[in-house]
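A.B. asks: Test case, fold it:
(chains A and B)
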Amino acid sequence: MSEKITGAEALVRALIAEDVDTVFGYPGGYIIPVYDRLYDYTDQLRHILVRHEQGATHAAQGYARVSGRTGVVIATSGPAATNLVTGLSDAMMDSTPMVVITGQAPAGMLGTDSFQETDVIGITQPVTKWSYQIRRAEDVPWAVARAFYIASTGRPGPVVLDFAKDAQTALLDWKYEKCRYIRSYHPYPAPDPDDLASVAAMIDASSRPMILAGHGVMISGAEKELAALAEKAGIPVAATLLGLSSIPSDHPLYKGMLGMHGNIGPNVNTNRADLLIAVGMRFDDRVTGDVAHYAPEARIVHIDIDASEFGKNVHTDATIHADAREALAALLPLVAEKSHPEWLAEFDRPERVERDAVMDVELHRTSGPMTMGEVVAAVSEATGHRGVLVTDVGQNQMMSARYFRYTDPRSIITSGGLGTMGFGLPAAIGAKLAAPERTVTFFTGDGGLQMTIQELGTIMQYGVGVKIILLNNDFLGNVRQWQELFFKSRFSQTPMVNPDFVKIASAYGISAERVSDRSELGAAVDRMLAHDGAYLLDVAIDPTDMVFPMTPAGAHVDDIMLSRTEKYQLK
Amino acid sequence: MEEKQLYTVTVFTENQVGLLNQISIIFTRRSLNIESLSVSASSIPGVHKFVITCVSDRRSMEKVIMQIQKRIDVLRAFLYTDDEIVYQEVALYKVPTYRLLDEKNLEVILRQHNARILEINREYTVIEKTGHGEETEALFEELKRYDIRQFVRSGRVAVTKSPVEYLTLWLEEQDRRQSQMV
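C.D. replies: Prediction:
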């Protein structure tokens, strides 16, 4: 005799069956039956009440990115559902596993413009891996099982389940089975032995190879395999923004970050390499610059689990369609042991130039206002380079990505593809809840912080020990940088009149202090890290501080600005 | 730039709500205009077939195919040029009957175009023509002078010329994949 339960009860039980322990959400009219059932499961399912639905999605992203588990969001219909769209788009771009449940008007009222009805499926289809409307209670187990399977396997991504109100209250026979197979979806293709052999031959034949490590390395847990391949074949490794921490910063073969504000070595040597081995990355325009002048001397190997990435942005000479870990593990025995001392030495000069012309200027000032870089470096150092870096978007993001150092994998959580200002604060909350044992340091700007600042309330309510470092220049700094460099210093709508952030934090019961003098920075960082709980460090930053090096948008990847006036000389 | 030409895309999907939108937004996002679209149940139970025509270059279309195939409930998507398929369209022409009564050449026109009359009454006559786009277009030009009241042309339907049925093979492969998992 099977047990009759409501659709809402089935949803909660299904979440537990999928090993969910935390959900981020916000109740509302058409999801109340689910919240009623959650009330009886608080010992098994922790619900974090955010202050805005967008915050729920970013918190779930932070949770997912630091742990590798699927982030879960519950919200109501209509405005709540539309508030989720930014987070869904962000998770889609950055391959983040997430299951988002929205309430919906009763099935019989759909299409009548009933109260808080919106076409959630229509709106979210372009920005989700899958979206499905549950109109009948008996579909709940199937839909939830499918949602978790789709979100978490293959190239991960967000899934939406739009849950009609009457399906929440109707009865079904409870029986749950996890999804393991979908005929039209093959998430883990086996690497083709011929592809592996030809890539191995290309690696063996190469004298100037470089690995481009992307987010896929960490999604697949291929950090060890990546290092092993690099070490055996003597290949330098560069990382994309989302690939940072896939190899420790101090690994001798690690040569830095790719992209617009990446390190000079890997960027200029992209155009010197004879072989690029791209692993779980997608040749974003911020990495390639002008694709017509990208890697002219190189053959390109692309390893990815998503076949639609092959040839999407750049032409590839060989591909391996597989999970990164599986592909790298299979390649390892096929490649010859090699070393490329002359090629590795080609990274020395750009590294030296960057250190002298960029890093020293940013990190070792003795007078004047503080720079973003020196704050990031101080915090990274004080955590023993073991913290989780969460960033917002803009200069704070590029500076922290550049000057934070990474020891452990899954140590950077940032909005890469979508570039969502306001991402950071809720993402940091999610990260800390997923990894309470790790120090979570969140770098933000005064603009981005104020986009989701209401989530300080979530920090207060749940005592989430996030360390917030506000790089405060009273400017929308990244746009300001472009205005100064490319728009004749016409600072259109970038200066900001800001509130007293220390008072705001205090109002939320969060310890806070402002630092405006360089000599006080070290002690303030120590106080912040030693403090048991959340802390806001409001640091006064030089508004003229700029992120360099910089490859202007659309320029050649080796066309690099060292400062406002100076360019990197290739010879 | 590569040369643009008409491509035929066939997509086989599971029978799930919302797939038409998922497929069409892939074209919309790339600013590709769908020339014609036809959706129907295929010969395989539970599998739906879309036939879409679109003018573009091969590289763009190959990317579109990959994006379509990436959608969860899409089984397979294929790209064809006209020489790789047998295809057909059907057109209907509604013409006032009195305009046809005195036309001595009507029989010749119908014969030449291999068209037929589906319905005839005092008010109007409905003529049907099956053929390629240019053929239904040619009849349209011919009938214009009789004051066509309504004209409609279906989307393209197509089958491949290949002796190998790739979808069938692929479905068999998926069945094997499923049986290996148990």
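
A.B. asks: From what I see, residue A:212 and residue A:256 are in contact.
C.D. replies: No: the criterion here is C-beta atoms under 8 Å, and residue A:212 misses it with residue A:256 at 11.5 Å. For the C-beta atoms, the positions are set from N, CA and C on the backbone; glycine is no exception.

A.B. asks: How about residue A:548, nearest residue that isn't a chain neighbour?
C.D. replies: Of all residues not flanking residue A:548 in the chain, residue A:358 sits nearest, at 5.0 Å (C-beta to C-beta, 6 or more residues apart in numbering or on different chains).

A.B. asks: And residue A:427, by the same measure?
C.D. replies: residue A:62 (3.4 Å).

A.B. asks: coming back round to it: got a pLDDT number for the residue nearest to residue A:548?
C.D. replies: In the predicted model, residue A:358 carries a pLDDT score of 97.

A.B. asks: Backbone torsions only: list them for it.
C.D. replies: Per-residue torsions, residue A:358: phi -120, psi -60 (degrees, to the nearest 10).

A.B. asks: again with residue A:100
C.D. replies: phi -120, psi 120.

A.B. asks: Specify the local secondary structure of the residue of the stretch 451-571 of chain A found nearest chain B.
C.D. replies: Across the stretch 451-571 of chain A, the shortest distance to chain B (C-beta to the nearest C-beta) belongs to residue A:554, at 19.0 Å. In three-state terms, and counting by DSSP: H, G, I helix; E, B strand; the rest coil, residue A:554 is coil.

A.B. asks: Model confidence for the closest residue to it other than its chain neighbours, exactly?
C.D. replies: Leaving out its chain neighbours, the residue that sits closest to residue A:554 by C-beta to C-beta, 6+ apart is residue A:290, at 5.7 Å. With respect to pLDDT, residue A:290 has a value of 95.

A.B. asks: mind checking how far residue A:290 is from chain B?
C.D. replies: Separation of residue A:290 from chain B (C-beta to the nearest C-beta, to the nearest Å): 17 Å.

A.B. asks: now residue A:334
C.D. replies: According to C-beta to the nearest C-beta, residue A:334 stands 25 Å off from chain B.

A.B. asks: List the residues that contact the spatially closest residue to residue A:567 that is not a sequence neighbour.
C.D. replies: Counting by C-beta to C-beta, 6+ apart, residue A:567 lies nearest to residue A:561, which is 5.9 Å off, once chain neighbours are set aside. Neighbour list for residue A:561: A:485, A:548, A:549, A:550, A:551, A:552, A:567, A:568 [criterion: C-beta atoms under 8 Å, 6 or more residues apart in numbering or on different chains].

A.B. asks: Which among those residues count as buried?
C.D. replies: A:548, A:549, A:550, A:551, A:568 (16 or more other C-beta atoms under 10 Å in any protein chain shown).

A.B. asks: quick one on the thing from earlier: go ahead and confirm the residue nearest to residue A:554 touches residue A:556.
C.D. replies: Yes: contact status for residue A:290 versus residue A:556: in contact at 5.4 Å, counting by C-beta under 8 Å.

A.B. asks: what's the burial count for the nearest residue to residue A:546 once chain neighbours are set aside?
C.D. replies: Leaving aside its sequence neighbours, residue A:546 sits nearest to residue A:481 (C-beta to C-beta, 6+ apart; 4.9 Å). Residue A:481 has 22 neighbouring residues, counting by other C-beta atoms under 10 Å in any protein chain shown.

A.B. asks: what's residue A:481 in contact with, if anything?
C.D. replies: Taking C-beta under 8 Å, 6+ apart, one finds A:395, A:546, A:547 in contact with residue A:481.

A.B. asks: so which of those residues is the most crowded?
C.D. replies: residue A:395 (27 neighbours).

A.B. asks: got a pLDDT number for that one?
C.D. replies: Residue A:395 is given a pLDDT of 98.

A.B. asks: Then residue A:1?
C.D. replies: The pLDDT attached to residue A:1 in the predicted structure is 58.

A.B. asks: before we move on, the earlier item: state the distance from the residue nearest to residue A:548 to residue A:402.
C.D. replies: In this view, residue A:358 and residue A:402 are 9 Å apart by C-beta to C-beta, to the nearest Å.

A.B. asks: which one is the residue of chain A found nearest chain B nearest to, not counting chain neighbours?
C.D. replies: Proximity of chain A to chain B (C-beta to the nearest C-beta) peaks at residue A:308, 3.7 Å away. Among residues not flanking residue A:308 along the chain, residue B:66 sits closest, at 3.7 Å (C-beta to C-beta, 6+ apart).

A.B. asks: My read is that that neighbour contacts residue A:321, right?
C.D. replies: No: Residue B:66 lies out of contact with residue A:321 (C-beta under 8 Å); the separation is 11.1 Å.

A.B. asks: hey, what's in contact with both of those two?
C.D. replies: A:307, A:310.

A.B. asks: Any idea how many residues pack against residue A:533?
C.D. replies: 13.

A.B. asks: cool, residue A:520 as well?
C.D. replies: Per other C-beta under 10 Å, the neighbour tally for residue A:520 reads 15.

A.B. asks: Confirm it sits in a helix?
C.D. replies: Yes: counting by three-state DSSP, residue A:520 falls inside a helix.

A.B. asks: Could I get the pLDDT score of it?
C.D. replies: pLDDT for residue A:520: 97.

A.B. asks: One more: residue B:144?
C.D. replies: For residue B:144, pLDDT reads 91.

A.B. asks: which ones are touching residue B:113?
C.D. replies: Per C-beta under 8 Å, 6+ apart, neighbours of residue B:113: B:129, B:131, B:135, B:138, B:139, B:142.

A.B. asks: if you set the cut-off to 6 Å instead, what comes out?
C.D. replies: The neighbourhood of residue B:113, defined by C-beta atoms under 6 Å, 6 or more residues apart in numbering or on different chains, consists of B:129, B:139.
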